[in-house]
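>>> can't give you the sequence, but here's the structure:
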């Protein structure tokens with residue numbers, strides 16, 4: 001049995017861009033920064049973020065970027081603008097970015113549970 005030593009990584013997102021922050025968070029959650037990294041094990045750290053309300057978007061992303069959701073039925077493609085999601089819940093944007101950077105396997109949900117957004 002491998003003993004997994006989890007540390008708490010804290011990051012302040014004030015003035016940082018969403019993509020670069022999300023890649024760093026995904027690396028910590030996955031454990032790729034550790035020498036004992038194994039892709040089949042969940043050996044990542046706990047990530048605690050602050051300052052999500054003051055995050056920066058480069059270019060025209062804030063007004064032009066759209067998120068899509070397809071229900072599976074004809075005419076079931078739903079779109080939401082980034083600015084609308086940011087007004088409702090800024091943490092949701094970071095969760096979406098980090099979730100898509102993690103591998104789509106059984107370990108992704110347990111990795112996402114270790115992401116704490118304040």
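Arrived safely, thanks for sending. All of these numbers come straight from a predicted model, not from anything done at the bench.

>>> could you check the pLDDT of the residue located most distally from the centre of the chain?
Residue farthest from the centre of the chain, counting by Cα atoms, centre = their mean, is residue 74 at 30.0 Å. For residue 74, the model assigns a pLDDT of 97.

>>> are we agreed that it is in a helix?
No: judged by DSSP: H, G, I helix; E, B strand; the rest coil, residue 74 forms no part of a helix; its state is coil.

>>> look up how far residue 80 lies from it.
Residue 74 sits 20 Å away from residue 80, going by Cβ to Cβ, to the nearest Å. Where C-beta positions appear, they are placed from N, C-alpha and C, glycine not excepted.

>>> got any ranges where the chain has weak pLDDT?
1 (pLDDT under 70).

>>> center of it - which residue?
residue 98 (1.9 Å).

>>> for that one, phi and psi?
The phi/psi pair for residue 98 (degrees, to the nearest 10) reads phi -70, psi -40.

>>> pretty sure it is touching residue 19, no?
No: if you go by Cβ atoms under 8 Å, residue 98 and residue 19 don't touch, sitting 10.4 Å apart.

>>> end to end, how far does stretch 48-62 reach?
End-to-end distance of stretch 48-62 (Cα to Cα, to the nearest Å): 24 Å.
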